[in-house]
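K.L.:
Sequence and predicted structure, then a few things I'm wondering about:
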Amino acid sequence: MFSRILIANRGEIALRIIRACHELGVEAVVVYSEADADAEYLQLADDAICIGPAKPTDSYLSIPRIISAAEIADVQAVHPGYGFLAENAHFAEVCAECGIAFIGPTPESMHLLGDKIAARDLANRARVFVIPGSEGAIEDEAEAIKIANKIGYPVIIKAAAGGGGRGMRVAHNDITLRGALGAARAEAEATFKNGVLYVEKFISEPRHVEVQVVADRAGNALHFYERDCTIQRRHQKLIEESPCPAIDEKTREELCKAALRVVKEANYVNAGTVEFLLDKDNRFYFMEVNTRIQVEHPVTEMVTDHDLIKWQLKIASGQTIDLRQKDIKHSGVAIECRINAEDPANNFAPCPGTISKFIPPGGMGVRVDTHLHQGCTVSPHYDSMVSKLIVHKKTREEAITTMKQALREFKIEPIKTTIPACLQILSNSEYAKGQIDTSFVERYIG
């Protein structure tokens, strides 16, 4: 096991990693920007190093500054958390060149799985269904129209280097496809510096289901069951749960085995998430692999009683997985609500500011992952998520009831948050029945 690592992130995930390190007897050094200088979690780290001003490109996204901090702190490894540089293969390569372990997959896996076209090819080799579409990059408009007419409208255009819904457009006919291609390419080039696109059949009213996997360097790979991430707004997840309420045990087993075939085909190491779309007939299709720890990882931790951050640390330090698949049990139902500093009544506009009242909920089966405290300031420079509220109960009905009560208890003032939106979703009768798809929030919340 490492004796000292650097955490190249901020906020609740930095605090989460600090705690896991200390439970394993590992010293945790955290970097911070000038905007985060007063963050209370810095006091819990063994050391803290300022790496620049608030602007992410000058701090949390600056590879030279983070590597310099790692060398100054004399650490053995770097944990990237999620967001920022977590899926940056070049960062992982620089860490290796500097003799610093990267707590995540290899750069080769990140390159391979970060390209959506290459990942589709890999899934095909692993005998996992992919959504019908182009076999490679779309070279021109005529080719896109030919493929769309072959697989049938509607179709969705995606950026090969995409993520978070960027570089994606839905087209229902040849005319809209022409316009969508240009818009998607422009957005992909601006966001990812890569305008390569491909076309897939658009699955209407799907569910978004993902499988948590962990693999070591010895070739051992295990799944920790699935999470349903269907409740999302503009491709950004809001509420996640496990197990997925729509699938039976046979489908669950097939889904998890498919995820393991993908990671083994990719020679994947460390924690990752294999994402699928589930259609109305419960057929699942490979979508992508997220090569990092997910925001919603606590959902899996609650239902399996396994600390995924600790597994990341153990595997990156060279340890092998000392479990068999049958040792991983799934118990009860867990639900997570992302609490964002956004105003649902104002089109979810960001709502930074200073917190004058902070009262987190509690009780049996309630977990709050957050870095907030009374008097702290939510910065406008970073992602708006400020807290994660997780509940774990025996049944889905109990979990929904407990979550609603916990949301009512949760006070973060005076800023606006997504707490009211989460309450509205959880109180919806269709959600209670599990009859949801990825357009649910747009239909009922806006």
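P.N.:
Thanks, I have it. Numbers count the residues shown, from 1 in each chain.

K.L.:
So which residues of the chain form helices?
P.N.:
11-23, 63-73, 89-97, 107-114, 116-125, 141-151, 174-192, 249-265, 297-304, 308-316, 396-409, 419-426, 429-432, 440-444 (DSSP state H).

K.L.:
Next, the residues that contact the last one from outside, please.
P.N.:
To tie it back to what came earlier, the one meant is helix 440-444. Outside of helix 440-444, the residues within contact range by Cβ atoms under 8 Å, 6 or more residues apart in numbering are T230, I231, Q232, R233, L238, A421, Q424, I425, N428, E430, Y431. In short, each C-beta sits where N, CA and C put it, glycine included.

K.L.:
which of the residues you listed has the most neighbours?
P.N.:
T230 (27 neighbours; other Cβ atoms under 10 Å).

K.L.:
excluding its backbone neighbours, what's nearest that residue?
P.N.:
Excluding the flanking residues, the one nearest T230 by Cβ to Cβ, 6 or more residues apart in numbering is R207, at 4.5 Å.

K.L.:
ok, what's across the strand from that neighbour?
P.N.:
In this entry, R207 is beta-bridged to L278, by DSSP bridges.

K.L.:
Surely it and D437 touch.
P.N.:
Yes. Between R207 and D437 there is a contact under Cβ atoms under 8 Å: 6.1 Å.

K.L.:
So for the two, which residue has more residues nearby?
P.N.:
For R207 versus D437, the count of surrounding residues by other Cβ under 10 Å is larger for R207: 25 against 19.

K.L.:
How much space separates the more buried one from P243?
P.N.:
Look at R207 and P243: by Cβ to Cβ, to the nearest Å, they are 12 Å apart.

K.L.:
Show me the common contact partners of these two, please.
P.N.:
D228.

K.L.:
before we move on, back to that, could you redo the contacts of helix 440-444 as CSV and give each row distance to A144 and pLDDT?
P.N.:
Compiled in CSV, the contacts of helix 440-444 are given as follows (distance: Cβ to Cβ, whole Å; pLDDT from 0 to 100):
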residue, distance to A144, pLDDT
T230, 28, 98
I231, 31, 98
Q232, 26, 96
R233, 28, 94
L238, 32, 97
A421, 36, 97
Q424, 38, 97
I425, 36, 97
N428, 37, 96
E430, 35, 95
Y431, 36, 96
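
K.L.:
so what's the nearest residue to I5 once chain neighbours are set aside up against?
P.N.:
Sequence neighbours aside, A77 is the residue nearest to I5 in space, at 4.5 Å (criterion: Cβ to Cβ, 6+ apart). With Cβ under 8 Å, 6+ apart as the criterion, the residues that contact A77 are F2, I5, L6, I100, A101, F102, I103, A316, S317.

K.L.:
what two of the residues you listed are the furthest from one another?
P.N.:
L6 and S317 (14.2 Å; Cβ to Cβ).

K.L.:
was I right about K158 contacting V170?
P.N.:
No. At 10.3 Å, K158 does not count as touching V170 under the criterion of Cβ under 8 Å.

K.L.:
Looking at the two, which one has more neighbours?
P.N.:
Higher neighbour count among K158 and V170: K158, with 28 against 15, using other Cβ under 10 Å.

K.L.:
per-residue confidence at that one?
P.N.:
The confidence metric pLDDT takes the value 91 at K158.

K.L.:
Is it bridged to anything, and to what?
P.N.:
Beta-bridge partners of K158, as defined by DSSP bridges: Y198.

K.L.:
how deep is the closest residue in space to G52 that isn't next to it in sequence tucked in, by neighbour count?
P.N.:
Leaving out its chain neighbours, the residue that sits closest to G52 by Cβ to Cβ, 6+ apart is S59, at 3.9 Å. By other Cβ under 10 Å, the residues close to S59 number 24.

K.L.:
wait, what's in contact with S59?
P.N.:
By Cβ under 8 Å, 6+ apart, S59 lies in contact with V31, Y32, S33, E34, I51, G52, P53, R65.

K.L.:
How about I5?
P.N.:
With the criterion set at Cβ under 8 Å, 6+ apart, I5 makes contact with C21, V26, E27, A28, V29, V75, Q76, A77, V78, H79, I103, L313.

K.L.:
quick one: it and P380, what's the gap?
P.N.:
The gap separating I5 from P380 is 29 Å, by Cβ to Cβ.

K.L.:
What distance do you get for the residue of the chain positioned farthest from its centre to L177?
P.N.:
What lies farthest from the middle of the chain is A142; by Cα atoms, centre = their mean that is 34.9 Å. From A142 over to L177 the distance is 11 Å, taken as Cβ to Cβ.

K.L.:
Just give the nearest non-adjacent residue to the residue most central in space within the chain, would you?
P.N.:
Nearest to the geometric centre of the chain sits Q294, at 3.5 Å (Cα atoms, centre = their mean). Distances taken as Cβ to Cβ, 6+ apart put T273 closest to Q294, at 5.1 Å, once the chain neighbours are dropped.

K.L.:
That neighbour bridge partners, please.
P.N.:
In beta-bridge terms (that is, DSSP bridges), T273 pairs with Q212, N290.

K.L.:
Do I have it right that it meets E210?
P.N.:
Yes. Assessed by Cβ under 8 Å, T273 is found in contact with E210 at 4.9 Å.

K.L.:
So between these two, which is more surrounded?
P.N.:
Taking neighbours as other Cβ under 10 Å, T273 and E210 compare with E210 leading, 27 against 24.

K.L.:
That one contacts T230, doesn't it?
P.N.:
No. When contacts are counted by Cβ under 8 Å, E210 is not listed as touching T230 (10.3 Å).

K.L.:
Flag the shaky bits of the stretch 51-200 of the chain, pLDDT-wise.
P.N.:
Low-confidence segments of the stretch 51-200 of the chain (pLDDT under 70): 164.

K.L.:
Noted, bye for now.
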